[in-house]
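Enquirer: Take this sequence and fold it.
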Amino acid sequence: MRYQQRLNPGDPVSVVGGNIPFAEGGEVSHLGPFRIHMFTIDQANTYNNYVSRQAGGQTPNFSTNLVVRQGGPMDILIVGGGGGGSCIGGGGGAGGYILMQNYTVPAGSIPVQVGGGGGSEFQHNDNAQTAGGSSIFGEPGPTQLTALGGGKGISYSYSFNVSNPTPTAAGGSGGGGPGYGNGPFNGDGVGTPAGPGTPGQGHPGGKGHHGPQGYAGGGGGGGGESGFPYNSANHSTRNNYTSNGPGLRQNLYPPESPYANFPTMQKGGNGLSNDILGSVNHFAGGGGGGGHPGHAINRSAGGLGGGGQGVSVAVNNHAPLGGDTYHASGQPGQRNTGGGGGGSTHHSHANQNSGKGGPGIVVVRYRVR
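Expert: Numbering: from 1, shown residues only. Model (predicted):
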């Protein structure tokens, strides 16, 4: 069989052998011998429409098709949408990460779905945050590839079930645990459970903590590692910390501040990297955990690969310190990475929203010469 193709719309048509894959759809680019199809939420009707639907508590996905004129071996990256972060709780888990190399794709119209990022929580008792949407490549059936959306971060007011403590926080990677737990997890110094990850796609979230220091959520799980828990070992009282180096938190304070050396806690799990787009990019980072009180206005790091930063605020430190213009909002996961949203703080603070999850991505690449 022989067929016609153009590498660029303005190029003349050339006739090539039928053993070379060729497809149409998505945002097409070329790099050396490769033709690349990138599918993102940006290709939906409008990105503003996506944002408005996400703000309304939905997890909007984007569906389209890759039209394969000639099948053959292809490299395929599929990353689910990141989970939304929570208030006084965990960061969102990263979307599931799947990378297939030399995967045989048949000719035909192949369904593609890009998972949207999960919604966020506005205050610590509304439980409005949602899991990310799944990204999908292929027809339903045993050969379909599905990268699950990231689990939502678990918020302060979540009521646990002992036999199944975190059913809504599971995902490609799990959401971080809350800073408080009703039922059997409400004692001082108790580590609250986090969402599990899916083997082969991601990792669990980090445990949260409820204790005399305050309430702190765990980091969301990432494609490459679990989310980091809050470790109370270095803390003795609510506003008296043992120095543990600058760690993985942004240092927003002068050296003499009691908050300058905040421990390495609540970080989102790092994602994974690849060069399918021609340069090394990271995907599927977990969101950092949030908390209240017992913290200065300080931020936990999101995982490498688009995870949003979390934020914690001390009850006695409402005013921003060190020029923190972000106030108490968790950062969203980055677009087209599947990063989890960052956790945030108590609703009495300005701009206390947790971060929305970052939309996922699907990329298809194959050799054309």
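
Enquirer: Local confidence estimate at residue 44?
Expert: For residue 44, the pLDDT comes out at 69.

Enquirer: likewise residue 260?
Expert: For residue 260, the pLDDT comes out at 39.

Enquirer: low-confidence ranges in the stretch 201-350 of the chain?
Expert: Across the stretch 201-350 of the chain, the ranges flagged by pLDDT under 70 are 211-214, 231-264, 293-298, 313-328, 347-350.

Enquirer: which residues in it form helices?
Expert: Per DSSP state H, counting those that start in this stretch, the stretch 201-350 of the chain has no helices. Nothing in it meets that criterion.

Enquirer: So which residues of it form strands?
Expert: Counting by DSSP state E, counting those that start in this stretch, one finds strands in the stretch 201-350 of the chain at the ranges 208-211, 214-216, 235-237, 240-241, 272-274, 281-283, 291-292, 298-300, 310-312.

Enquirer: buried stuff in the fifth one?
Expert: Neighbour-count burial for strand 272-274 flags 272, 274 (criterion: 16 or more other C-beta atoms under 10 Å). In this view, the C-beta of every residue, glycine as well, is placed from N, C-alpha and C.

Enquirer: Name the residues that touch it?
Expert: Under the contact criterion C-beta atoms under 8 Å, 6 or more residues apart in numbering, strand 272-274 has outside partners 77, 97, 99, 223-224, 280-284, 305.

Enquirer: and with 6 Å instead?
Expert: 97, 99, 223-224, 280, 282 (C-beta atoms under 6 Å, 6 or more residues apart in numbering).

Enquirer: try stretch 126-136
Expert: By C-beta under 6 Å, 6+ apart, the list of residues contacting stretch 126-136 from outside reads 57, 59, 61, 78-84, 86, 95, 113-121, 146-152, 155, 171, 357, 360, 362.

Enquirer: Any buried residues in that stretch, and which?
Expert: 127-136.

Enquirer: got a markdown table for the residues you listed, with secondary structure and pLDDT too?
Expert: Listed next are the buried residues of stretch 126-136 as a markdown table, based on DSSP: H, G, I helix; E, B strand; the rest coil; pLDDT from 0 to 100:
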| residue | secondary structure | pLDDT |
| --- | --- | --- |
| 127 | coil | 77 |
| 128 | coil | 81 |
| 129 | coil | 88 |
| 130 | coil | 90 |
| 131 | coil | 93 |
| 132 | coil | 94 |
| 133 | coil | 94 |
| 134 | coil | 96 |
| 135 | strand | 97 |
| 136 | strand | 97 |
